[in-house]
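Show me the folded form of this:
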Amino acid sequence: MAHLIEDQDDLNRHIDYIHWNPVKHGYVKRVMDWPHSSFHQFVKRGIYSNDWGSNEQYEIQGVE
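Have a look, this model is predicted:
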């Protein structure tokens, strides 16, 4: 089912979900370890810290 992004907070949750997915599914232990991720561009822009998701377990609500 398609989802229309409702606002900036909704977009942010979806981006978090996309970046967290490789960790959630066990492909890597840290978000920064997934080489194919746009996460690295977000880090370069200062939007995320390089260690985002390294110390916490994330449950992204309302995305799946």
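
Just after the lowest-mean-pLDDT helix or strand in the chain, pick out the following helix or strand.
Least confident helix or strand of the chain, by mean pLDDT, DSSP states H and E, is helix 8-24 with a mean of 93. Using DSSP states H and E, the helix or strand that follows helix 8-24 in sequence is helix 39-44.

Tell me the gap between that next one and the middle of its chain.
11 Å (C-alpha atoms, centre = their mean, to the nearest Å).

Pull that helix out as PDB, backbone CA atoms only.
Taking C-alpha atoms only, helix 39-44 is exported to PDB below (Å, rounded to 0.1, in the frame of the first residue of the first chain):
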ATOM      1  CA  PHE A  39      23.100   7.900   5.400                       C
ATOM      2  CA  HIS A  40      26.700   8.800   4.500                       C
ATOM      3  CA  GLN A  41      25.500  11.900   2.600                       C
ATOM      4  CA  PHE A  42      23.300  12.900   5.500                       C
ATOM      5  CA  VAL A  43      26.400  12.700   7.800                       C
ATOM      6  CA  LYS A  44      28.400  14.900   5.400                       C
END
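
What are the buried residues along it?
In terms of neighbour count (16 or more other C-beta atoms under 10 Å), helix 39-44 has its buried residues at 39-40, 42-43. C-beta: built from backbone N, CA, C; applies to glycine.

List the contacts of that helix.
Defining contact as C-beta atoms under 8 Å, 6 or more residues apart in numbering, one finds that helix 39-44 is touched by 15, 19, 31-32, 48-50, 52.

just to revisit the earlier point, now the buried residues of helix 39-44 in CSV, with distance to Asp10 and pLDDT?
Listed next are the buried residues of helix 39-44 as CSV, based on distance: C-beta to C-beta, whole Å; pLDDT from 0 to 100:
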residue, distance to Asp10, pLDDT
Phe39, 19, 97
His40, 23, 97
Phe42, 17, 97
Val43, 22, 97
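
Between these, which sits nearest Leu4?
When the buried residues of helix 39-44 are ranked by distance to Leu4 (C-beta to C-beta), Phe42 comes first, at 22.5 Å.

Distance of that closest one relative to Arg13?
14 Å (C-beta to C-beta, to the nearest Å).
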